[in-house]
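Student: Here's a sequence, model it:
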Amino acid sequence: MMRFVVVSGQSGAGKTTARFALEDLGYFSVDNLPPALWKSLLQHLEHAGVEKAAVVVDIRTRKLLQGVEEVLQTLKPFLIYLEARSEILLKRYNLSRRLHPLGVGNLLAEIDAERQALAPLRERADLVIDTSDKSARELKDVLEEALGEEEGFVLRLISFGYKWGPPQDADLVLDVRSLPNPHYIPELKPRTGTDPEVAAYVFGKAEHEPFYGALRSAAGLAAEGAKAEGRGAYTVAIGCTGGRHRSVAVVERLARELEGRLRVEVEHRDITKE
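Tutor: Residues are numbered from 1 along each chain as shown. Predicted coordinates:
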């Protein structure tokens, strides 16, 4: 059966952060869908093969919350409620300069009124999280532990040729044109960096190992730093002249050596280009 999570709570308590964290875990998420439509949504998603869904509901749909308890009783989702101390919510609103959804003109009064209006949802919650002293990363960790799921972080390694231009979506671009070039070896030229003999030529000289080691450290540390900050993916692009030999060999070796630490996806963008 589909896993269904509902996220609710006070404005400014971190519901958007929670929704993004759930999306990183593979949930199809919808923000502020009226409860009367939840059953239809789940039926449609289940028919499409979606296994995990999440809905955010809060005071913005207050006119449509009537009957939400009956819907919760029928669908039995895992209900997560986020809250924070009033002074923390006040500080967050002052920093964002956004208006509170209740908009009565007194922010503290609006926070209190919202807390009272959402009290029934809080009472039904399977998990209540106080985000007052939590970072986005810490909130994500709590959600992962509560749901028994691991973060879907991916390190994407892309090989490319500078003659075709670097990938526009790369977080980090590394140049390996200083490594030996198989392009000038007649028997290696028609092959690619996935060929063991090509890779052996690229990494054949001991004096190039410190360079490769520094490159591997840079890629691994950058990716792990991105993961620690709560990102769902990080892209490292490795470039040589044409994108067929050196960059491909380096990406293949990086993938083998980093996959024990991170989940790795590989793309050889220019490997078939001449």
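Student: how near is residue 195 to residue 252?
Tutor: In this view, residue 195 and residue 252 are 10 Å apart by CB to CB, to the nearest Å. C-beta here means a position set from N, CA and C on the backbone, and glycine is covered the same way.
Student: With neighbour numbers in mind, choose between the two.
Tutor: Set residue 195 next to residue 252 and count neighbours by other CB atoms under 10 Å: residue 252 wins out with 23 against 17.
Student: And that one, what's its pLDDT?
Tutor: pLDDT for residue 252: 97.
Student: With residue 58 instead?
Tutor: The model's pLDDT for residue 58 equals 85.
Student: so what's the closest residue to it other than its chain neighbours up against?
Tutor: Nearest non-adjacent residue to residue 58, counting by CB to CB, 6 or more residues apart in numbering: residue 8, 5.7 Å away. Residue 8 is in contact with 15, 56-58, 79-82, 118, 121-122, 125, counting by CB atoms under 8 Å, 6 or more residues apart in numbering.
Student: give me that answer again for 7 Å
Tutor: With contact taken as CB atoms under 7 Å, 6 or more residues apart in numbering, residue 8 is in contact with 57-58, 79, 81, 118, 121.
Student: likewise residue 75?
Tutor: 4, 38-39, 42.
Student: which SS state does the residue nearest to residue 58 fall under?
Tutor: Assigned by DSSP: H, G, I helix; E, B strand; the rest coil, the conformation of residue 8 is strand.
Student: Dig out what it forms beta bridges with.
Tutor: Following DSSP bridges, residue 8 is listed with bridge partners residue 81.
Student: confidence score at residue 32?
Tutor: pLDDT, residue 32: 86.
Student: Return the residue of the chain that is most distant from the centre.
Tutor: residue 186 (43.9 Å; CA atoms, centre = their mean).
Student: ok, back up a step: are any of the contacts of residue 75 buried, and which?
Tutor: Using 16 or more other CB atoms under 10 Å as the burial test, the contacts of residue 75 include 4, 38, 42 as buried.
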